[in-house]
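Sequence and predicted model, in that order:
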Amino acid sequence: MNITRRHVLAAVTASTLLAMPGMAQAVETVRIGLPTKTYWPTTIAETAVRQKLFEKEGIAAELTIYRGGAETFEAIAAGAADVILDAT
């Protein structure tokens, strides 16, 4: 078998990647819009943030609580939120 540059490069790249398992991963931030403080999905989302369930999946969740459902829809339309938890 002839060893080519391609084989050597593949072996070096593989060994380099395996040698750095603790490399920092990019964390994706998701902006979640919530209609009110007393809404059931708001309680679930806040609990998930406190228990670091989003972080376990590599997501940084940014919760924003608005004064009502209409403001929540306006936030997603304006690009201030990526996801809203609102009744449609």
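Nice, thanks for sending it over.

need the strands for this protein, in chain order.
28-34, 59-65, 83-84 (DSSP state E).

quick one: residue 67 and residue 75, what's the gap?
From residue 67 over to residue 75 the distance is 11 Å, taken as CB to CB, to the nearest Å. To be clear about C-beta, it is placed using only N, CA and C from the backbone, and glycine gets the same treatment.

These two: who's more crowded?
Ranked by neighbour count (other CB atoms under 10 Å), residue 67 and residue 75 place residue 75 first, with 20 against 10.

Just to check, the more buried one is in contact with residue 83?
No - Residue 75 lies out of contact with residue 83 (CB atoms under 8 Å); the separation is 10.3 Å.

Reformat the strands of the chain as JSON lines; add distance to residue 53, mean pLDDT and mean neighbour count.
Putting the strands of the chain into JSON lines (distance: least, CB to CB, whole Å; pLDDT from 0 to 100; neighbours: other CB atoms under 10 Å) gives the following:
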{"stretch": "strand 28-34", "distance to residue 53": "12", "mean pLDDT": "91", "mean neighbour count": "17"}
{"stretch": "strand 59-65", "distance to residue 53": "9", "mean pLDDT": "94", "mean neighbour count": "15"}
{"stretch": "strand 83-84", "distance to residue 53": "15", "mean pLDDT": "92", "mean neighbour count": "18"}
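
coming back round to it: shared neighbours of residue 75 and residue 83, which are they?
residue 33 (CB atoms under 8 Å, 6 or more residues apart in numbering).

Residue 42: how many residues sit nearby?
Using other CB under 10 Å, residue 42 is surrounded by 17 other residues.
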